[in-house]
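Student: just to be clear, the model below is a prediction. Sequence and coordinates:
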Amino acid sequence: MTVFDDEGRWKNEKCADRKPFICYDENLILIKENKTWEEALYYCRDHHHDLVTITNLDEQRWVQEKAKKASTDYVWIGLRYTCTLDFWFWVSDEVVSYENWAADGLMDDCDMSGAMKTGGQHKWFKMNDQMEFNFVCSMS
């Protein structure tokens, strides 16, 4: 069987070894169209469910796998900044408890949304929401 190691890489294990596991159905889809954050949000809501929400390391890893196949350097995720209330939130109403921000991210600005880098450590970046990237939708 193939499992994640502690660094998030795949490795082979004996099938007889008992390991914890997560069940995961294919509920993410990478859309290889370049859209602004708002266009991506409406596309996901019209055709699937919503822009993806990431609440833990396991979800981060699944989104990373999708993001690796993108045709842009970043993919939009469902993170949005509210200038009025001065905080980041998931469009799915989940609390932002798990975070994977890049250390050199931009300053919080009124026109910012969250994007994941498609390579490297797949950190999250604060990007101007008028930029156009591929994006990941959740299907449930």
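Tutor: Thanks, I have it.
Student: okay, now the unreliable bits of this structure?
Tutor: 1-25, 104-108 (pLDDT under 70).
Student: please enumerate the strands of it.
Tutor: 2-4, 10-12, 28-35, 50-51, 74-82, 87-90, 112-117, 124-128, 133-138 (DSSP state E).
Student: looking at the ones you listed, which is nearest to Cys44?
Tutor: The minimum distance between Cys44 and the strands of the chain falls on strand 133-138, with 3.8 Å, by C-beta to C-beta. For glycine as for every other residue, the C-beta is placed from the backbone atoms N, C-alpha and C.
Student: just checking, what packs against that closest one?
Tutor: For strand 133-138, the packing partners by 3 or more C-beta pairs under 8 Å, 6 or more residues apart in numbering; DSSP states H and E come out as strand 28-35, helix 37-47, strand 50-51, helix 57-67, strand 74-82.
Student: need the strands of the chain in CSV (columns: mean neighbour count and distance to Gln64).
Tutor: Formatted as CSV, the strands of the chain follow (neighbours: other C-beta atoms under 10 Å; distance: least, C-beta to C-beta, whole Å):
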stretch, mean neighbour count, distance to Gln64
strand 2-4, 11, 11
strand 10-12, 9, 12
strand 28-35, 17, 11
strand 50-51, 22, 16
strand 74-82, 23, 10
strand 87-90, 16, 17
strand 112-117, 25, 7
strand 124-128, 18, 11
strand 133-138, 25, 10
